[in-house]
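A.B. asks: Predicted model, plus sequence, below.
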Amino acid sequence: GENVEQHPSTLSVQEGDSAVIKCTYSDSASNYFPWYKQELGKGPQLIIDIRSNVGEKKDQRIAVTLNKTAKHFSLHITETQPEDSAVYFCAANRPNNSGGSNYKLTFGKGTLLTVNP
Amino acid sequence: KAGVTQTPRYLIKTRGQQVTLSCSPISGHRSVSWYQQTPGQGLQFLFEYFSETQRNKGNFPGRFSGRQFSNSRSEMNVSTLELGDSALYLCASSLIVRGRWASGNTIYFGEGSWLTVV
C-alpha cells in the first residue's frame, strides 16, 4: 500500500521567515495530495491541495509543489506568523480501480511548526 | 454551511465496554470516512461509507465497525475496548463527483471524538 514520509518532524522559525515541509510517497498511482493544519484540540483543516496534473499551486502565503517523477511534494509557507503554529500533515490519495477517487487518505506523521514572535 | 459534526466530543470508557460515535457530514456530502489518530501511529484510515455501503476498509480488527444511514449520517462502533483504543476518532466527509479530477476528492474533517479507555 501507499506510504508517505514527512520531514521534518519539528520546525521552528522566526516570524516573517519561510517554512518548508517535504513529503515523499511510494505509490506512483497517487494523484491527489492535500495538506492539513491541525491546531491543538481540533480536527485537521484543509489548507491547500494539489492534483497530479499540475506542478504547483499557490494560495496567498501558502504554496505546494509536486514532482511526480521523484514522487515528492512540498508545502511552502512564506511570511510566517505566530498563528501559523500548528501541526501540518501531508497526505496522498490514489484512484480506485475505476479511476475515480477512493476517498482514502494516507497521511504523513506530521510536522510541528512553531513560529516564534 | 455547517461543517462535519461529531458527537460526543469527549468520553471515558472502561476496558471491555463498547462505544458508539456519531457523525453528521456536511450537507450534501454523501461519502463519510473515519480515521483514528494516536501519537504513535498518527492518522490511520478506518473505513469509508457511501450510500449506506462500506466501500473501503483499513487494517483494523473486526472490533471496529461502522454504518451509514440513508441521510448520510454515520456511526462507528468499537466493541470490547482495549487501552490501546484510546485515541482521537475523526470523521470526514466528501462530495461524490464523477470523474478522475473531480473536486469531490476534497475531504473535510470534523473536530473529532476523544476516547479514553481506562
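C.D. replies: Perfect, I can see it now. Computed from a predicted structure; not experimentally measured.
A.B. asks: Can you show me the strands along chain A?
C.D. replies: A:4-7, A:10-14, A:19-25, A:32-38, A:45-51, A:56-59, A:62-67, A:72-77, A:86-92, A:106-107, A:111-116 (DSSP state E).
A.B. asks: Could you do chain B as well?
C.D. replies: B:5-7, B:10-13, B:19-24, B:31-38, B:42-50, B:53-57, B:64-68, B:74-78, B:87-94, B:108-109, B:113-117.
A.B. asks: what about the fifth one and chain A, any contact?
C.D. replies: Yes: judged by Cβ under 8 Å from any Cβ of the partner chain, strand B:42-50 comes into contact with chain A through B:42-45, B:48, B:50. For the C-beta atoms, the positions are set from N, CA and C on the backbone; glycine is no exception.
A.B. asks: A:Lys71 is in contact with A:Asn3, correct?
C.D. replies: No: using Cβ atoms under 8 Å, A:Asn3 makes no contact with A:Lys71, being 10.4 Å away.
A.B. asks: Let me see the contact set for A:Phe89.
C.D. replies: A:6, A:35-38, A:44, A:107-108, A:110-111, B:42-43 (Cβ atoms under 8 Å, 6 or more residues apart in numbering or on different chains).
A.B. asks: mind checking pLDDT for the nearest residue to it once chain neighbours are set aside?
C.D. replies: Leaving aside its sequence neighbours, A:Phe89 sits nearest to A:Tyr36 (Cβ to Cβ, 6 or more residues apart in numbering or on different chains; 4.6 Å). The predicted local distance difference test score for A:Tyr36 is 97.
A.B. asks: for the strands of chain B, which one sits closest to A:Asn116?
C.D. replies: strand B:42-50 (25.5 Å; Cβ to Cβ).
A.B. asks: can you count the residues close to residue 41?
C.D. replies: No chain specified, so I'll use chain A. If you count neighbours by other Cβ atoms under 10 Å in any protein chain shown, A:Gly41 ends up with 10.
A.B. asks: other chain: chain B
C.D. replies: B:Gln41, neighbours per other Cβ under 10 Å, totals 12.
A.B. asks: okay, it: pLDDT?
C.D. replies: B:Gln41 carries a pLDDT value of 91.
A.B. asks: That one: what's it in contact with?
C.D. replies: Per Cβ under 8 Å, 6+ apart, neighbours of B:Gln41: none.
A.B. asks: try the one 5 residues further on
C.D. replies: For B:Leu46, the contact set (Cβ under 8 Å, 6+ apart) comprises B:33-36, B:57-58, B:60, B:64, B:66, B:76, B:89.
A.B. asks: Can you pull out the low-pLDDT segments for chain A?
C.D. replies: Within chain A, the stretches with pLDDT under 70 are A:98-101.
A.B. asks: try it again with 80
C.D. replies: A:95-103 (pLDDT under 80).
A.B. asks: out of the strands of chain B, nearest to A:Pro95?
C.D. replies: Taking the strands of chain B one by one with Cβ to Cβ, strand B:53-57 is closest: 12.2 Å.
A.B. asks: For the closest one, the averaged confidence score.
C.D. replies: Mean predicted confidence for strand B:53-57 is 89.
A.B. asks: Show me what from chain A comes close to chain B.
C.D. replies: So far as Cβ under 8 Å from any Cβ goes, chain A lies against chain B at A:31-32, A:34, A:36, A:42-46, A:49, A:51, A:53, A:89, A:91, A:93, A:95, A:99-110.
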